[in-house]
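Any chance you could fold what I've pasted below:
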Amino acid sequence: MHPIDLAAFWPGYEVVACRPAAENTLLIELEPQANRLPQCGRCGQPCPLIHERRMRQVRDRDLLDRRVVLQLPVRRIDCLTCGRVTERIDWLGPAARLTRRLQIWLEGLLQLLPISHVSRLTGLHWHTLKAIDKRRLEAAVGAFEPADVRRLVMDEFALHKGHRYATVIMDAERTRVLWVGHGNSREAVRPFFELLGERCQQIEAVAMDMNTAFDLEVKRHCPRAEVVYDLFHVVARYGREVIDRIRVDQANLLRHDKPARQVVKRSRWLLLRNRANLKSEQAVQLQELLQANQSLATVYLLKDALKDIWYAPGVWEGWRRWRRWRRWRDWQRHVRDSSLAPLQRFAKNLRRYLRGILASARFPMHTSVLEGVNNRIKVIKRMAYGFRDSDYFFLKIKAAFPGKVR
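Residues are numbered from 1 along each chain as shown. Just a heads-up that it's a prediction; the model follows:
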């Protein structure tokens with residue numbers, strides 16, 4: 001291509017030389033066009049008074065198999081209004097070493113690939129690319145915009161190893177992440193409600209797990225809001241505290257019958273997984289296990305009955321299902337009290353959260369939202385092999401859930 005044609009890519013400049021430099025690098029020397037005055041970097045007005053010229057090398061998009069490096073003089077002008085400032089170049093940001101065209105291309109790549117992959121592809125430093133992506137995210141999702149939010153979803157997730165957590169708060173109706181912050185205590189989530197301000201009065205429901213800290217802070221700031229406890233977290237807790245504990249106890253009782261003991265020990269996922277998700281051979285194994293062990297059959301059936309409370313069409317029907325679940329549990333207590341002790345402890349603790357469980361009939365907040373958020377967060381963290389900059393990580397999470405258009 002003739003040099004005069006290349007000049008169209010850099011308005012206001014003309015190409016004076018084009019030669020190979022380092023390996024696979026093309027160096028293009030530019031000079032300002034003689035008939036165009038430089039513009040003030042602040043007010044944008046043309047100015048003929050040039051104080052000094054400094055040479056700068058700038059990276060542009062690749063040309064075929066060559067990396068393009070531009071060498072151009074950047075002028076410092078003496079503006080009659082603003083004083084001595086660096087000139088404005090439309091295709092190059094202030095003090096930038098990358099053209100705007102290259103930055104836009106990199107921003108598109110960074111939305112699809114991890115930073116390390118883009119770094120190997122372009123030859124640019126990891127920190128340079130991270131700074132570009134972070135600026136993009138701050139411009140796109142950095143501002144706090146609660147809009148007309150009425151229902152919230154709150155959940156915690158593991159930030160680092162060693163029980164370090166962060167909290168994510170989402171608009172339940174639009175599935176849009178509103179805020180992410182360090183910690184999972186009352187003090188940790190308080191800044192969100194302070195940012196929400198008077199809009200706290202319009203919050204009508206907040207879904208969460210059985211986290212007392214979240215519960216208390218919501219009641220303090222959102223007096224009209226109903227706390228709704230999430231089915232996914234309650235059932236997961238039931239699996240850990242009841243099914244797992246009783247399964248281990250039953251396995252220990254069979255220590256003299258090793259084949260039977262191994263069957264019970266290896267049945268964890270059969271008992272925790274939903275019956276609809278089991279393969280045909282797994283369903284047969286589950287049925288045989290439940291027929292052979294009465295304690296495991298009891299807690300398994302009570303797990304399904306517990307889920308039915310959340311799917312009640314109304315509060316009164318939810319209350320009836322709770323009473324039926326509790327009577328079934330009380331009957332089992334008289335039959336074999338010692339073997340089902342974990343179930344009794346769980347039911348006793350669950351009674352304190354009954355209002356939030358029954359509230360799901362009025363506010364059927366979709367439980368898969370919380371699970372989907374956590375899974376997506378894990379994918380983001382795994383793609384980046386972890387994040388050293390938590391603020392950057394939080395921006396990534398917000399960008400992953402921009403919300404549905406109403």
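
Tell me how many other residues surround A143.
By the criterion of other Cβ atoms under 10 Å, A143 has 7 neighbours. To be clear about C-beta, it is placed using only N, CA and C from the backbone, and glycine gets the same treatment.

Identify each buried residue in stretch 165-174, please.
Using 16 or more other Cβ atoms under 10 Å as the burial criterion, the residues of stretch 165-174 that qualify are 166-174.

swap that for stretch 57-77, please
58-62, 67-75, 77.

any idea which helix or strand comes after the least confident helix or strand in the chain by mean pLDDT?
The helix or strand of the chain with the lowest confidence, counting by mean pLDDT, DSSP states H and E, is helix 3-6 at a mean of 59. Next along the chain after helix 3-6, taking DSSP states H and E as the criterion, comes strand 13-20.

For that following strand, give me every contacting residue.
Strand 13-20 is touched from outside by 3-4, 6-7, 26-33, 66, 72, with contacts defined as Cβ atoms under 8 Å, 6 or more residues apart in numbering.

Write a ChimeraX command that selects only the buried members of those residues.
Applying 16+ other Cβ under 10 Å to these leaves a buried subset, and the ChimeraX line that selects it is:
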select :6,7,26,27,28,29,30,32,72
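
Inside strands: which ones of the contacts of strand 13-20?
Members of the contacts of strand 13-20 lying in strands (criterion: DSSP state E): 26-32, 66, 72.

I'd like the distance between the residue nearest to L63 when sequence neighbours are not counted and G123.
Spatial nearest neighbour of L63, excluding adjacent residues (Cβ to Cβ, 6 or more residues apart in numbering): L26 at 6.1 Å. According to Cβ to Cβ, to the nearest Å, L26 and G123 sit 13 Å apart.

if I look at those two, which residues touch both of them?
Here L26 and G123 have R67 as joint contacts, going by Cβ under 8 Å, 6+ apart.

Over to L113. Which of the three states is it?
What DSSP: H, G, I helix; E, B strand; the rest coil gives for L113 is coil.

ok, which stretches of the stretch 51-200 of the chain are helices?
For the stretch 51-200 of the chain, the helices defined by DSSP state H, counting those that start in this stretch occupy 100-110, 115-122, 126-141, 186-196.

Show me what the longest one is packed up against.
In this structure, helix 126-141 makes packing contacts with helix 100-110, helix 115-122, helix 390-400, judged by 3 or more Cβ pairs under 8 Å, 6 or more residues apart in numbering; DSSP states H and E.

which of those is buried the deepest?
helix 390-400 (a mean of 18; mean count of other Cβ atoms under 10 Å).

With just CA atoms, put that helix into PDB.
Taking C-alpha atoms only, helix 390-400 is exported to PDB below (Å, rounded to 0.1, in the frame of the first residue of the first chain):
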ATOM      1  CA  SER A 390     -11.000  -7.400  44.300                       C
ATOM      2  CA  ASP A 391     -12.500  -4.200  42.900                       C
ATOM      3  CA  TYR A 392     -11.800  -5.500  39.400                       C
ATOM      4  CA  PHE A 393     -13.300  -8.900  40.200                       C
ATOM      5  CA  PHE A 394     -16.500  -7.200  41.500                       C
ATOM      6  CA  LEU A 395     -16.800  -5.100  38.300                       C
ATOM      7  CA  LYS A 396     -16.500  -8.400  36.400                       C
ATOM      8  CA  ILE A 397     -19.400  -9.800  38.400                       C
ATOM      9  CA  LYS A 398     -21.600  -6.800  37.800                       C
ATOM     10  CA  ALA A 399     -20.800  -6.900  34.000                       C
ATOM     11  CA  ALA A 400     -21.800 -10.600  33.900                       C
END
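
now, among the buried residues of stretch 165-174, which is nearest to I309?
Nearest to I309 among the buried residues of stretch 165-174, counting by Cβ to Cβ, is A172 at 19.8 Å.

these two touch, right, that closest one and V153?
Yes: counting by Cβ atoms under 8 Å, V153 is a contact partner of A172 at 4.7 Å.

Overlap of the contact sets of the two?
Overlap of the contact sets of A172 and V153 (by Cβ under 8 Å, 6+ apart) consists of 207, 365, 369.

Which of those ranks first by neighbour count?
A207 (29 neighbours).

Was I right to think that one contacts L152?
Yes: contact criterion Cβ under 8 Å: A207 and L152 qualify, at 7.2 Å.

Mind listing the shared neighbours of these two?
Here A207 and L152 have A172 as joint contacts, going by Cβ under 8 Å, 6+ apart.
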